[in-house]
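# Have a look; sequence and predicted model below, questions after that.
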Amino acid sequence: MTDTILLVEDNADDEKLTLRALQMNNTLNPVIIARDGAEALELLLGTEAQPFGLVLLDLRLPKVHGLTVLQRMRADPRTRLTPVVILTSSKEEADLVSGYAMGVNSYIRKPVDFHRFTEAVAKVGMYWLMLNEVPPPMSAPALAAAQP
Amino acid sequence: MQTYPTRPQAAPLALNVPLEQQLRERTAELEAARAELVDFAYSISHDLRAPLRSIVGFAKVIEEDYADRVDAEGRDALHRVRAAARKMAEQLDDMLKLSRVSRSELTREPVDLGDLAREIATELEAAAPRPGVVFDIAPGLVGWGDRRLLALLLQNLLGNAWKFTSAHASARIEIGVTSAAGEPAYFVRDDGAGFDMADARRLFNPFQRLHGTAEFPGTGIGLAIVRRIVQRHGGRVWAEGALEKGATFYFTLPGARIETQAPVREAALT
């Protein structure tokens, strides 16, 4: 299993703060950054796609919206089961409902307070990369067979 | 048998068409304003919080990484930067709460305000027990309105009564109904810090505070939310009070029936 984190974030400040938060929590997992939705899709599902242990997904992204990224991920057997945590500014009801309806694993609103932000990132990393068990990588036919 | 025309026969089109057109235009205008409000709230929620996170975050970075090069005065300045940004974030959240009241759908049904008040009182007591506080809730208080919004209204009014009596060892918070100008007026009354009647109208403005935050915490959005909820029900809201003699908040819910055995008294109108 891979332990690489994909951080999908267009805001340079938020990117820096999220990386700092991960560092402060001694999260040593490699982090790859996508700065818009199209870049994220290329890394996840493109010709040179690689598996990720966790995707931290912002919603308001240039080119392709975060919810569309999520939708495409869930439609593809390679990323259908990858843990995705929406990490965004808003907790508007519409975003929450759409996110969960499309199969997001968690929805975190980035706290303004940096201490709480660090804490949130630490908990997300700890939970999804250390505590949580994920199914082994499945081939497309095996996954199709597992569908109800 | 004589028949009566159901509408004036003279120039019905000349009168009706512009009216219908006006109505259509007005409806379109309202719809546009509502859509704008939704967009605006979405934008506040998404776009205005991000820069605040940067301000707070990077002030913290300076504090942590450059501790040896920032003196006490510098640390105080950074602390103020962070506190101000946090306060603004709180105010943005409050503006969103207020706009959510305007945007949410209104479903009216008979709502037992007494039950809601008892639930809220229990929550307040559980969160921070104050044995000296007595809640006096009139029996059978039924209002006609949206359950979720009326719960939010009572949360704000009871929360305020709880907060503004906190400097007193004992307090009494009364929830009941009276009659104002021939209409049932529900009220929440406390015997706490009160306010000067000269400020009675300003009370309901967003972020209007009459007490220092050191004395009573809060951003001042609660009563603006209360007013918005009452307005959405087509009712009126007003307040009576005196400094250190408590406050009473009244609201009406048109279409409400008084179904209570509580004595009905005439409230003085402001």
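Okay, I see it. Given the structure is predicted, the values throughout are model-derived calculations rather than measurements. Numbers count the residues shown, from 1 in each chain, chains lettered A, B, ... in the order given.

# residues in contact with the closest residue to residue B:135 other than its chain neighbours?
Counting by Cβ to Cβ, 6 or more residues apart in numbering or on different chains, residue B:121 is the residue found nearest to residue B:135 once chain neighbours are left out, at 4.4 Å. Heads up, the C-betas are built off the backbone N, CA and C, glycines and all. Shown in contact with residue B:121 (Cβ atoms under 8 Å, 6 or more residues apart in numbering or on different chains): B:135, B:137, B:158, B:173.

# What residues are bridge-paired with the residue nearest the centre of chain A?
The centroid of chain A falls nearest to residue A:55 when counting by Cα atoms, centre = their mean (2.1 Å). Beta-bridge pairing of residue A:55 under DSSP bridges involves residue A:6, residue A:84.

# Test my guess that it contacts residue A:72.
No. If you go by Cβ atoms under 8 Å, residue A:55 and residue A:72 don't touch, sitting 11.8 Å apart.

# shared neighbours of the two, which are they?
residue A:44.

# show me where pLDDT drops low in the stretch 101-250 of chain B?
Residue ranges of the stretch 101-250 of chain B with pLDDT under 70: B:213-214.

# That one: helices as residue ranges?
Counting by DSSP state H, counting those that start in this stretch, the stretch 101-250 of chain B has helices at residues B:113-127, B:147-164, B:222-232.

# Likewise for chain A?
A:12-24, A:37-45, A:66-75, A:93-101, A:114-126, A:140-146 (DSSP state H).

# Which positions in chain A make contact with chain B?
Residues of chain A found near chain B (Cβ under 8 Å from any Cβ of the partner chain) are A:11, A:13-14, A:17, A:20, A:59-60, A:88-92, A:110-115, A:117.

# Drop anything exposed from those.
For the residues of chain A next to chain B, a burial check counting by 16 or more other Cβ atoms under 10 Å in any protein chain shown picks out A:11, A:14, A:17, A:20, A:59-60, A:88-90, A:92, A:110-114, A:117.

# In a markdown table: the helices of chain A, plus mean pLDDT.
Below are these laid out as a markdown table (pLDDT from 0 to 100):
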| stretch | mean pLDDT |
| --- | --- |
| helix A:12-24 | 90 |
| helix A:37-45 | 96 |
| helix A:66-75 | 96 |
| helix A:93-101 | 90 |
| helix A:114-126 | 88 |
| helix A:140-146 | 61 |
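
# and residue A:84, which of these is closest to it?
For those, proximity to residue A:84 was assessed by Cβ to Cβ; helix A:66-75 is nearest, at 6.0 Å.

# and the closest residue to residue A:62 other than its chain neighbours, what are its phi and psi?
Closest residue to residue A:62 apart from its sequence neighbours, by Cβ to Cβ, 6+ apart: residue A:36 at 4.1 Å. Backbone torsions for residue A:36, taken as degrees, to the nearest 10, come to phi -160, psi 170.

# Domain-wise, how is chain B divided?
Listed by automatic domain parsing, the domain ranges of chain B are B:29-103, B:108-251.

# Adding distance to residue A:79, write those domains out as CSV.
Formatted as CSV, those follow (distance: least, Cβ to Cβ, whole Å):
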stretch, distance to residue A:79
domain B:29-103, 25
domain B:108-251, 37
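
# Of those domains, which stretch is the most buried?
Most buried of these, by mean neighbour count (mean count of other Cβ atoms under 10 Å in any protein chain shown): domain B:108-251, with a mean of 18.

# Now do the end-to-end distance for that one.
Between the opening and closing residues of domain B:108-251 lies a distance of 16 Å (Cα to Cα, to the nearest Å).

# any idea which of the contacts of residue B:121 is closest to chain A?
Nearest to chain A among the contacts of residue B:121: residue B:158, at 24.9 Å, using Cβ to the nearest Cβ.

# The residue nearest to residue B:135 and chain A, how far apart?
Distance from residue B:121 to chain A, counting by Cβ to the nearest Cβ, to the nearest Å: 28 Å.

# quick one: that residue and residue B:188, what's the gap?
Separation of residue B:121 from residue B:188 (Cβ to Cβ, to the nearest Å): 11 Å.

# Need the overlap of contacts for those two.
When contacts are counted by Cβ under 8 Å, 6+ apart, residue B:121 and residue B:188 have B:158, B:173 as shared neighbours.
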